[in-house]
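1. Based on what follows, work out the 3D shape:
(one chain, ligands or ions: 1)
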Amino acid sequence: MTPDTRDPRPVLVTGGAGFLGSHLCERLLREGHRVLAVDNLSSGRVDNLRHLLVHSGFELRQQDATVLQGVHACAVFNLACPASPPFYQRDPIGTTLTCVLGTLRALDIAHGQRVPLLQASTSEIYGDPDVHPQPETYRGNVSTTGPRACYDEGKRCAETLCYDYARQHGVSIRVARIFNTYGPRMLPDDGRVVSNFIVQALRGEDITLYGDGQQSRSFCFVEDTIDGLLRLMASGVEQPVNLGNPHEVTMLELAERVLRLTASRSRLVHHPLPADDPRRRCPDIRLARTQLDWAPRVPLDEGLARTVAHLRAVTGASAPRGPAARARRLPSRGVTP
Ligand code: UDP
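-> Okay, here's the model as predicted:
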């Protein structure tokens with residue numbers, strides 16, 4: 001089931017220039033595969049892949065996943081879609097189209113090439129869960145009308161397409177339900193909580209805690225997530241599999257950890273909770289443990305320290321100075337203090 005490194009066709013990674021995609025491309029190349037990364041560079045960055053461009057087995061193609069066709073590939077990883085709420089809510093119609101049409105195109109390629117496809121699904125398909133922690137059998141509590149629906153429902157429809165291509169066309173599919181992932185190459189301005197808190201702490205700006213900070217998430221370090229994706233592809237397991245770290249923390253606790261790790265004196269400032277923000281999220285990973293022999297290895301403090309080092313380097317290079325810098329604010333979801 002593992003893509004054969006002797007196959008002259010590359011592994012196709014849609015969204016290959018993104019946070020997860022670039023780490024995946026790097027790992028695949030290291031394991032001896034040829035890799036074709038396709039990305040429209042809306043949230044992906046060439047900089048994430050610059051060090052791979054010299055590799056003879058690597059190609060980056062700037063193209064939208066929704067128009068992708070005629071690609072030769074020995075396996076498909078379908079990762080194309082902005083994943084940060086402020087990013088995917090900026091063009092919600094585009095987000096739904098990327099999830100649905102992009103997955104359709106990727107499935108057409110997998111079908112035509114008779115190769116497996118791994119769909120990067122998400123814990124968002126559980127919505128604001130009323131079952132905790134979330135097992136793969138839980139069907140979710142998702143709004144069809146709220147600001148997160150474009151991503152949540154788009155990703156749900158993408159899963160449906162995967163299983164219909166499996167039933168109707170015999171495509172071999174894998175569905176990874178990826179929970180919050182963090183690590184180096186997160187964009188400093190992508191608006192997600194880990195990057196927001198770290199950049200704010202490093203700059204001495206206020207830490208923007210939405211709501212009372214008691215909502216929880218479970219953060220998985222990117223290397224662990226990538227390892228899970230590769231194990232899932234190799235396993236042949238066709239049912240959805242949660243990939244995430246079961247260590248659950250509140251956003252208040254996360255903020256306190258970041259302040260401690262950065263030795264920052266930033267203040268915590270409460271902002272209104274965005275609409276439909278899930279109150280709790282934690283994966284049940286029994287399936288991944290038993291079927292993939294996978295569990296996260298990197299503890300939160302170690303992963304955060306490595307992320308701090310990355311964001312310190314990135315923002316250190318570009319940090320604006322003077323009063324204008326102090327007035328600068330990271331993207332939020334239209335909330336006001
Ligand atoms: N959050 C926060 N401050 C921020 C950004 C996010 O308190 O500056 C909260 C957000 O309300 C949510 C959690 O952190 O409860 C995770 O948000 P993120 O956007 O990273 O991802 P999500 O899991 O909501 O998709």
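2. hey, let's count contacts and neighbours off CA atoms from now on
-> Fine.
3. what about the strands in the stretch 201-337 of the chain?
-> Ranges of strands within the stretch 201-337 of the chain are 207-210, 216-218, 220-221, 240-243, 248-250, 268-271, based on DSSP state E, counting those that start in this stretch.
4. Equivalent analysis for the stretch 1-150 of the chain, please.
-> 11-14, 35-39, 58-62, 75-78, 117-122.
5. Please identify which of those is closest to the ligand.
-> With C-alpha to the nearest ligand atom as the criterion, the ligand lies closest to strand 117-122 of these, at 9.4 Å.
6. Parallel or antiparallel, list what pairs with that closest one.
-> Strand pairing for strand 117-122, using DSSP bridges, gives strand 75-78 (parallel), strand 173-178 (parallel).
7. hey, which helix is longest across the chain?
-> In the chain, ranked by residue count with DSSP state H as the criterion, the top helix is helix 149-169.
8. Please work out which residues outside it touch it.
-> 83, 88-89, 92-93, 95-97, 99-100, 103-104, 107, 111, 119, 121-122, 124-125, 127, 142-144, 171-173, 175 (C-alpha atoms under 8 Å, 6 or more residues apart in numbering).
9. Tell me which residues of it come out buried.
-> Of the residues in helix 149-169, 149-159, 161-163, 165-166 count as buried by neighbour count, 16 or more other C-alpha atoms under 10 Å.
10. Then stretch 304-311?
-> 304-308, 310-311.
11. Just the mean pLDDT for that stretch, thanks.
-> For stretch 304-311, mean pLDDT is 98.
12. For the protein, just list every one of the helices.
-> Under DSSP H, the chain gives helices at 19-30, 85-88, 92-97, 103-113, 149-169, 193-203, 222-235, 251-262, 286-292, 300-318, 323-327.
13. Would you mind listing what in this structure touches the ligand?
-> By C-alpha under 6 Å from any ligand atom, the residues of the chain that approach the ligand are 84-85, 180, 191-193, 196, 208-210, 215, 251, 273, 277.
14. Out of those residues, which end up buried?
-> Buried, going by 16+ other C-alpha under 10 Å: 84-85, 180, 191-193, 196, 208-210, 215, 251, 273, out of these.
15. Redo the residues you listed as TSV? Include pLDDT and distance to Val131.
-> Converted to TSV, those look like this (pLDDT from 0 to 100; distance: C-alpha to C-alpha, whole Å):
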residue	pLDDT	distance to Val131
Ser84	93	24
Pro85	93	22
Asn180	98	18
Gly191	94	27
Arg192	97	24
Val193	98	23
Asn196	98	28
Thr208	98	28
Leu209	98	25
Tyr210	98	23
Gln215	98	15
Met251	98	20
Leu273	96	21
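16. Please identify the most buried of the strands of the stretch 201-337 of the chain.
-> Most buried of the strands of the stretch 201-337 of the chain, by mean neighbour count (mean count of other C-alpha atoms under 10 Å): strand 240-243, with a mean of 27.
17. what's the offset of it from the middle of its chain?
-> Put simply, strand 240-243 sits 13 Å off its chain's centre (C-alpha atoms, centre = their mean, to the nearest Å).
18. Who are the packing partners of it?
-> strand 173-178, helix 222-235, helix 286-292 (3 or more C-alpha pairs under 8 Å, 6 or more residues apart in numbering; DSSP states H and E).
19. show me the contacts for Asp301.
-> Neighbours of Asp301 in contact, by C-alpha under 8 Å, 6+ apart: 257, 261.
20. Distance of it relative to Phe87?
-> Using C-alpha to C-alpha, to the nearest Å, Asp301 is found at 26 Å from Phe87.
21. ok so, going back, output the helices and strands packed on strand 240-243 as CSV; include the columns mean pLDDT and mean neighbour count.
-> Listed next are the helices and strands packed on strand 240-243 as CSV, based on pLDDT from 0 to 100; neighbours: other C-alpha atoms under 10 Å:
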stretch, mean pLDDT, mean neighbour count
strand 173-178, 98, 25
helix 222-235, 98, 21
helix 286-292, 98, 16
